[in-house]
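**Student:** With the sequence up front, the predicted model follows.
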Amino acid sequence: MPLSRIERTHLSHSVSARLSRAIIAGEFEPGEKISEPYLSNMLGVSRAPIREALIELELRGLVEFDASGRTQVPTLSPRDIEEIYRVRLMIDPVVASLAAERATDKTFSQMDANIAATKSVKTLDDVSRLDAEFHDYIVQAADNRWIQMFWDIFRDQVGLWLTQMQLRHQSVTVRTRQQTALAHQKLLTVIRSRNPKKAAAEAHKHVANWMKLMPPLPATKMKQARKRR
């Protein structure tokens with residue numbers, strides 16, 4: 001587990017930030033138990049800030065507690081996947097449409113760099129991280145504070161959704177990295193054309209393509225896919 005020790009300032013916030021990145025990046029398996037003693041040892045902090053951070057992450061939907069109080073990474077159910085998908089179908093086209101009108105050269109450069117990085121990374125964790133980051137740039141380019149506020153709340157679930165969807169995808173194809181980069185390049189090209197209607201249509205298509213994948217896989221197959229990364 002690539003978790004390094006952290007400075008002893010604002011501990012619960014630092015622990016929460018470190019753990020949220022690790023969970024969204026897929027460094028913990030869906031359904032994996034996360035023990036406070038293990039995290040305390042890995043991060044070099046006492047159990048009190050660990051417990052505070054886990055409570056915060058539960059509110060954000062990134063961990064859950066079972067009946068005995070043990071913490072685990074949530075496994076998105078078919079209903080979770082469907083509901084997040086439906087929300088993305090509503091928001092992504094609107095955001096892309098606004099980005100086509102308002103994106104700056106700086107944003108385009110950031111998105112170009114993101115796609116280039118996606119093509120070169122070696123792990124599925126990095127693909128998922130860069131995937132979420134690409135959509136962060138589109139939301140920022142939309143320059144709508146209410147959409148940004150909603151995205152800030154929803155973003156953790158989108159990150160978790162992308163990670164687990166990427167893992168499902170990787171189980172049937174080893175071309176996840178290339179396909180993600182290609183899909184983002186298509187979306188960026190349309191946004192760059194400054195045509196809001198075409199950008200909205202491409203964003204809808206981009207999200208809808210995810211649901212062409214197979215039904216949710218058993219956890220054992222998810223683990224096999226991770227071993228092939």
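**Tutor:** Cool, got the structure.
**Student:** pLDDT-wise, which helix or strand of this structure ranks last?
**Tutor:** helix 219-227 (a mean of 46; mean pLDDT, DSSP states H and E).
**Student:** all helices of this structure, in order?
**Tutor:** 11-24, 36-43, 47-59, 78-102, 105-120, 124-142, 145-170, 176-192, 196-208, 219-227 (DSSP state H).
**Student:** Let me see the domain layout of this protein.
**Tutor:** Domain ranges of the chain: 11-72, 78-227, per automatic domain parsing.
**Student:** I'd like the ones you listed written out as a markdown table, with mean neighbour count added.
**Tutor:** Where C-beta positions appear, they are placed from N, C-alpha and C, glycine not excepted. Converted to a markdown table, those look like this (neighbours: other Cβ atoms under 10 Å):
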| stretch | mean neighbour count |
| --- | --- |
| domain 11-72 | 16 |
| domain 78-227 | 18 |
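**Student:** Need the helices of the chain in CSV (columns: distance to Phe65).
**Tutor:** Shown next, in CSV, are the helices of the chain (distance: least, Cβ to Cβ, whole Å):
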stretch, distance to Phe65
helix 11-24, 14
helix 36-43, 12
helix 47-59, 6
helix 78-102, 17
helix 105-120, 34
helix 124-142, 24
helix 145-170, 17
helix 176-192, 31
helix 196-208, 31
helix 219-227, 19
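**Student:** Tell me which of those helices sits nearest to Ala67.
**Tutor:** helix 47-59 (14.2 Å; Cβ to Cβ).
**Student:** Now do that closest one against helix 11-24, angle only.
**Tutor:** 50 degrees (axes from the mean of the first three to the mean of the last three Cα atoms, to 10 degrees).
**Student:** helices and strands around helix 47-59, which ones?
**Tutor:** helix 11-24, helix 36-43 (3 or more Cβ pairs under 8 Å, 6 or more residues apart in numbering; DSSP states H and E).
**Student:** how much space between the residue nearest the centre of the chain and Arg60?
**Tutor:** Taking Cα atoms, centre = their mean as the criterion, Gly159 is the residue nearest the geometric centre of the chain, at 1.7 Å. Distance, Gly159 to Arg60, by Cβ to Cβ, to the nearest Å: 10 Å.
**Student:** wouldn't Gln110 be in contact with Asp136 here?
**Tutor:** No - at 9.3 Å, Gln110 does not count as touching Asp136 under the criterion of Cβ atoms under 8 Å.
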